[in-house]
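>>> any chance you can model this:
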Amino acid sequence: MGNKPSRRYQPEEDESTVFISKENDVYRIPALFYDGDRKILMAFAEKRKTSDDASAVAIVMKTGILKKDETTHEVTVKWSELKLLKEANLAGHRPMNPCPLYEKTSKTLFLFFICVEGTVSELFQICCNRNKARLCYITSNDGGQSWSEVTDLTDTLDEIKSWATFAVGPGHGIQTDGGRLIVPVYGYASCSPSCCCCIKFYCCTPYALYLYSDDKGKTWQFSSRIQKVSVECEMAELSDDRGLKYIYCNARSKGGYRVEALDKNDGAGFITLPPTDKLVETGGGCQGSVVSFPAQSEAAGANDDQNQSPNKWLLFTHPSSKSKRTDLGVYLNKFPSDPNAWSKPWIINSGPSAYSDLAYTGDGWFACLMERGKHSEIEQIACKVFSYNDVKKGIEK
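Below is the predicted model of the structure:
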């Protein structure tokens with residue numbers, strides 16, 4: 001959550017701005033997807049009446065075309081007009097937490113989200129043990145120009161019946177090299193009904209896990225959960241020198257540092273990695289984004305994916321302050337199974353910064369969709385495009 005934009009201040013808009021908030025028209029919760037087939041970025045967000053989570057009214061999107069200046073090598077994005085996704089809706093519910101993922105074989109874009117009844121808050125659901133959220137998605141086969149009707153999966157997944165509430169992401173999902181579709185999820189385990197209206201926010205324990213499909217999205221099921229308090233999360237697929245692949249999870253926490261876990265797909269479920277002070281959590285917690293990408297060549301001038309190593313590295317974005325949502329940092333890890341291998345942050349947005357979402361666009365380039373502002377972190381959602389070389393230079397300063 002964030003502060004409501006000042007009525008006396010008009011947010012400043014520039015070429016990196018994607019969604020700009022105004023009074024009674026606030027954009028929050030960015031999600032980003034790069035369509036490698038169409039060479040476009042797709043940005044999603046919640047449209048709200050205020051900064052309050054319970055005031056969400058719709059999910060919106062824009063598409064962006066990447067343009068590279070061959071002289072300066074700078075990359076800019078030309079964004080389309082805003083589109084309201086009327087299909088992402090259930091009657092009597094508000095859509096929240098956009099989470100896109102792409103099925104490469106059928107070239108189908110899934111947009112997952114939750115639909116929450118009326119203006120019921122997450123806190124009410126947790127404290128009264130009454131889930132009012134539905135698990136939904138829509139699909140597109142034409143780059144977001146048109147969308148299917150909504151599909152509601154809630155009643156097909158028994159685990160949801162045992163949760164006080166839950167949500168997806170927010171931020172992107174992934175498809176593994178083996179074809180598995182993965183949607184990051186966090187749920188609150190149900191507690192005693194007598195707990196209603198309790199003071200403790202965590203009377204029900206939250207934990208991260210993922211929803212997955214091995215048949216291109218026809219059927220879905222949940223993974224095992226992380227055995228540690230963990231909330232909003234994102235996943236990435238990793239591989240090592242032996243070519244072994246596993247799923248990495250980075251999740252929001254209340255413990256002062258991020259929760260990291262690995263699922264090696266060996267039946268053991270998630271193994272929580274040792275905590276490290278390299279990735280601090282911000283104040284009461286904030287969402288962060290993670291993406292894996294091919295290990296890059298360190299040769300002078302190289303900036304592509306031609307390295308023969310099967311390894312994948314990680315990039316992570318999150319406010320770098322321990323106390324408040326400010327100074328969005330980019331962190332690099334070349335040895336993802338080692339939490340202490342994270343670099344110091346390269347600050348890509350000084351000042352108020354909150355939720356973000358990363359996309360890898362190939363050839364050593366990334367895009368980051370972020371909440372930012374001059375006085376408040378929710379004044380606008382902007383996009384920054386940068387290269388691996390930019391990251392290296394940034395963290396070396």
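>>> confidence score at T71?
The score at T71 is 79. That number is its pLDDT.
>>> hmm, I typed the wrong one, I wanted S223.
95.
>>> need the contact list for it.
Applying C-beta atoms under 8 Å, 6 or more residues apart in numbering, we find S223 in contact with 209-212, 263, 269-270. No exception for glycine: its C-beta is placed from N, CA and C like everyone else's.
>>> same question for T63.
40-43, 79-80, 143-144.
>>> most widely separated two among those?
Across the contacts of T63, the longest distance by C-beta to C-beta is 14.0 Å; it joins W79 and G143.
>>> okay, these two: which has more neighbours?
W79 (18 against 15; other C-beta atoms under 10 Å).
>>> mind listing what's buried along the helix or strand of the chain with the lowest mean pLDDT?
Least confident element among the helices and strands of the chain, by mean pLDDT, DSSP states H and E: helix 122-128 (a mean of 88). Of the residues in helix 122-128, 122, 124-128 count as buried by neighbour count, 16 or more other C-beta atoms under 10 Å.
>>> check stretch 111-123 too.
For stretch 111-123, using 16+ other C-beta under 10 Å, the buried residues are 111-116, 120, 122.
>>> and it, how far out from the chain's middle?
Centre-to-centre, stretch 111-123 and its host chain are 17 Å apart (C-alpha atoms, centre = their mean, to the nearest Å).
>>> ok, back up a step: and the furthest pair within the buried residues of stretch 111-123?
Longest span within the buried residues of stretch 111-123, C-beta to C-beta: L111 and V120, 22.4 Å.
>>> relative to F293, how far out is K78?
Noted for K78: a distance of 24 Å to F293, by C-beta to C-beta, to the nearest Å.
>>> more neighbours: which of these two?
Shown here are K78 and F293; by other C-beta under 10 Å, F293 has more neighbours (19 against 10).
>>> name the element that one belongs to?
Per DSSP states H and E, F293 falls inside strand 289-294.
>>> and that strand, what does it pack onto?
strand 233-239, strand 245-251, strand 312-319, strand 346-362, strand 365-372 (3 or more C-beta pairs under 8 Å, 6 or more residues apart in numbering; DSSP states H and E).
>>> buried set for stretch 364-375?
Buried-residue list, stretch 364-375, by 16+ other C-beta under 10 Å: 364-373.
>>> and of these, the nearest to I348?
I348 lies nearest to C368 out of those, by C-beta to C-beta, at 6.6 Å.
>>> wait, what's in contact with the nearest residue to G171 once chain neighbours are set aside?
Distances taken as C-beta to C-beta, 6 or more residues apart in numbering put D357 closest to G171, at 4.3 Å, once the chain neighbours are dropped. By C-beta under 8 Å, 6+ apart, the residues touching D357 are 30-32, 170-172, 289, 368-370.
>>> quick check: D357 vs K161, distance?
Taking C-beta to C-beta, one finds D357 at 30 Å from K161.
>>> which ones are touching the residue nearest to K278 when sequence neighbours are not counted?
Nearest residue to K278, sequence neighbours excluded (C-beta to C-beta, 6+ apart): W342, at 3.9 Å. By C-beta under 8 Å, 6+ apart, the contact list for W342 reads 276, 278-279, 316, 331-333.
>>> ok, which pair from those residues is furthest apart?
T276 and L332 (14.3 Å).
>>> for the two, indicate the residue with more neighbours.
Under the criterion of other C-beta under 10 Å, the comparison of T276 against L332 puts L332 first, with 20 against 15.
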